[in-house]
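# Give me the fold of what follows.
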Amino acid sequence: MAQRRTALTTRALTGASVAVLTAGAALLPGAGSATAAPASAATPAATRAASAAALVARLGDRAAGSYYDAAAHRFVVNITDPSAAGQVRGTGAVPRTVSYSTTQLRAALGTLTQRARIAGTAWSIDPRRDKVVVTVDPTVTGAKRTRLNTVVDALGDKVVVRRAASAFKPLIADGDAIWGSGVRCSLGFNVSVNGAPYFLTAGHCGNASSTWSDSQGGGEVGQTVDSQFPGTDYALVQYDDSSSDHASVVDLYDGSSQQITHAADAYVGESVQRSGSTSGLHGGSVTGLDATVNYEEGSVSGLIDTDVCAEPGDSGGALFDGDAAIGLTSGGSGDCTSGGETFFQPVPAALSAEGATLP
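Purely as a prediction, here's the structure:
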C-alpha cells in the first residue's frame, strides 16, 4: 500500500527492500554557485501539444492519441474516423488513420493489469505504433512468462512485446545529493505549500527515510511529511528552515542551471532532459504515457515512459523540458553506457495531490 506519513519515524531499508535511483537534480538552498539560465516562454511545441490533446479529448472514440514527429517537426493526431481529418488539420496537426481507438487500447491495458501484473513487466500505449507496448525484463521466466504470453496472445495485434536488457527496479547508491537514513536520493523540484518551503522527490525515497540532509552525515535539512509508493511514486519533504532561499532551478552539471517556472504534462515524442548526481545530464524522448511498471516492491501506474537513461543514484531527480517541470525519476532498466528505459512520476499530478506549487 502507499504510505502516507503523518507521524515521522525513521525507517531504514533492509535486505531486498526498495531500491532507489538517486540524484542531485534540483539545487538545494545555498547550493547555487551555478548560474541559472533565463526562463523561457511556453514553447510553440508545448502549445501545439496541448491543442492536439484537447482535440483528441473532444473526438473521443474517433481518435487514438497524438504525438510529436520530431523528424517532420509536426504533431500527428491518430483518428479512427476519416471524417475527423478536417478537424485535425484545423489545429495545424496532421491526421493519421489507425485501426485501434484509445478506448480499445485502454481496454487492453485493463486486461494486462487484471491478468498479468507480474514483477518485471511494464506497459504503456505508444500512439506512434497504435499499440500497447509490453516490456519484459530477464526475471520473467518459466510459469510467469507462460502466463504473460497467454494474456498477450489473447490481445492479438493490439500488443507488441519487447525485452529489457536488465531488471526493472528503483536503485540505491552511494554518493552526494540528499541523504536519508542509510539511503541517497535526489531532490526533484523545490515547491511551496501554503507559503512554506518543501521539495518533491520519489515516493520510494520518502518511504525509506523520514529525515534528509544535503550531505552524507550532515545536519538535517528537511523531514518527509508524505510519501506515496507503490501505486504512484512521489514524496513531499518540508524544509526545517522556512526562511532559507529555495531556488527553482535544476543543475545542468556544467556550471550552469535551468530555471523552472511551471509544470507541464508530457507528450509522446517530446524531447526531455534528466538531471542526476550519478550520471549527470542526459536527454532523450517520451515514448509512452500512463505507463505501468511492476517492480518487485509493487506496481506503479500513470507514469511517463522514456528512452532516457538513468543509473543507481538518480531516483527522485528532475525530468524537464526547458523551463517546464515534467517528472520525478522513478526507476527503470539499463544504464547510461548501453542505454536504457526510465519511468517518471508526472509532476503535475504530484503537485495537485499535495496542494503544492512551484516557487
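# alpha carbons only for contacts and neighbour counts from here, please
OK.
# which stretches of this protein form helices?
44-59, 85-90, 102-115, 142-155, 203-208, 347-354 (DSSP state H).
# Of these, which is nearest Gly231?
Nearest to Gly231 among the helices of the chain is helix 203-208 (9.7 Å), distances taken as Cα to Cα.
# could you say what helices and strands that closest one packs with?
Judged by 3 or more Cα pairs under 8 Å, 6 or more residues apart in numbering; DSSP states H and E, helix 203-208 is in contact with strand 220-228, strand 234-239.
# I'd like the helices of the chain written out as TSV, with distance to Val286 added.
As requested, the helices of the chain are exported to TSV (distance: least, Cα to Cα, whole Å):
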stretch	distance to Val286
helix 44-59	13
helix 85-90	22
helix 102-115	18
helix 142-155	24
helix 203-208	21
helix 347-354	14
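# Trp123: which of those helices is closest?
Of the helices of the chain, nearest to Trp123 by Cα to Cα is helix 102-115, at 7.6 Å.
# contact partners of the closest one?
For helix 102-115, contacts defined as Cα atoms under 8 Å, 6 or more residues apart in numbering pick out 61, 63-65, 123-125, 131-132, 151-152, 155, 158-159.
# Against Ala202, how distant is Ser277?
Ser277 sits 15 Å away from Ala202, going by Cα to Cα, to the nearest Å.
# out of those two, which sits in the more crowded spot?
Ala202 (34 against 26; other Cα atoms under 10 Å).
# where does the residue of the chain most remote from its centre land on pLDDT?
The C-alpha centroid of the chain is most remote from Ser83, which lies 35.0 Å away (Cα atoms, centre = their mean). Looking at Ser83, its pLDDT stands at 97.
# And Pro230, by the same measure?
97.
# Could you report the neighbour count for it?
Applying other Cα under 10 Å, I find that Pro230 has 20 neighbouring residues.
# With the one 4 residues further on instead?
For Tyr234, the neighbour count with other Cα under 10 Å is 33.
# where does it sit relative to Cys185, distance-wise?
12 Å.
# which residues are common contacts for those two?
Joint contacts of Tyr234 and Cys185 (Cα under 8 Å, 6+ apart) are 201-202, 316.
# count of neighbours near Ala349?
Counted with other Cα under 10 Å, the neighbours of Ala349 add up to 17.
# do the same with Cys336
Neighbour count for Cys336, taken as other Cα under 10 Å: 14.
# ok, the contacts of helix 102-115 vs Ala52, which is closest?
Nearest member of the contacts of helix 102-115 to Ala52, counting by Cα to Cα, is Gly65, at 8.5 Å.
# mind putting the helices and strands packed on helix 203-208 in CSV, distance to Ala45 included?
Output for the helices and strands packed on helix 203-208, formatted as CSV (distance: least, Cα to Cα, whole Å):
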stretch, distance to Ala45
strand 220-228, 31
strand 234-239, 27
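# Tell me which of these sits most buried.
Greatest average neighbour count among those goes to strand 234-239 (a mean of 26), per mean count of other Cα atoms under 10 Å.
# Strand partners (parallel or antiparallel) of that one?
strand 196-201 (antiparallel), strand 220-228 (antiparallel) (DSSP bridges).
# How about residues contacting that strand?
Residues contacting strand 234-239 (Cα under 8 Å, 6+ apart): 196-206, 221-228, 316, 328, 345, 350, 354.
# Check the contact between Ser210 and Asp226; I expect there is one.
No. The criterion here is Cα atoms under 8 Å, and Ser210 misses it with Asp226 at 9.3 Å.
# Just give the closest residue to Trp123, not the sequence neighbours.
Spatially, and ignoring its direct neighbours in sequence, Trp123 is nearest to Val134 (4.4 Å; Cα to Cα, 6 or more residues apart in numbering).
# Which stretches in the stretch 1-150 of the chain count as strands?
Secondary structure of the stretch 1-150 of the chain (DSSP state E, counting those that start in this stretch): strands located at 35-37, 63-69, 74-79, 94-97, 121-126, 131-136.
# between these, which gets nearest to Ser299?
The nearest among those, by Cα to Cα, is strand 121-126 at 9.1 Å.
# now the closest one: how far from the chain's centre is it?
13 Å (Cα atoms, centre = their mean, to the nearest Å).
# tell me the angle of that strand relative to strand 63-69?
For strand 121-126 against strand 63-69, the angle between stretch directions is 90 degrees (axes from the mean of the first three to the mean of the last three Cα atoms, to 10 degrees).
# Can you check what angle separates strand 121-126 from helix 142-155?
Using the same axes, to 10 degrees, strand 121-126 lies at 20 degrees relative to helix 142-155.
# Go through stretch 73-83 and flag the buried ones.
75-81 (16 or more other Cα atoms under 10 Å).
# CA-only coordinates of it in CSV, if you can.
The C-alpha atoms that make up stretch 73-83 are tabulated as CSV, following Å, rounded to 0.1, in the frame of the first residue of the first chain:
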residue,chain,number,x,y,z
HIS,A,73,8.6,18.8,-36.9
ARG,A,74,4.9,18.3,-36.7
PHE,A,75,2.2,16.9,-34.4
VAL,A,76,0.2,13.9,-35.6
VAL,A,77,-3.3,13.0,-34.3
ASN,A,78,-4.4,9.4,-34.7
ILE,A,79,-8.0,9.0,-35.8
THR,A,80,-10.3,6.0,-36.4
ASP,A,81,-12.9,8.0,-38.3
PRO,A,82,-11.5,9.6,-41.5
SER,A,83,-14.2,12.2,-41.4
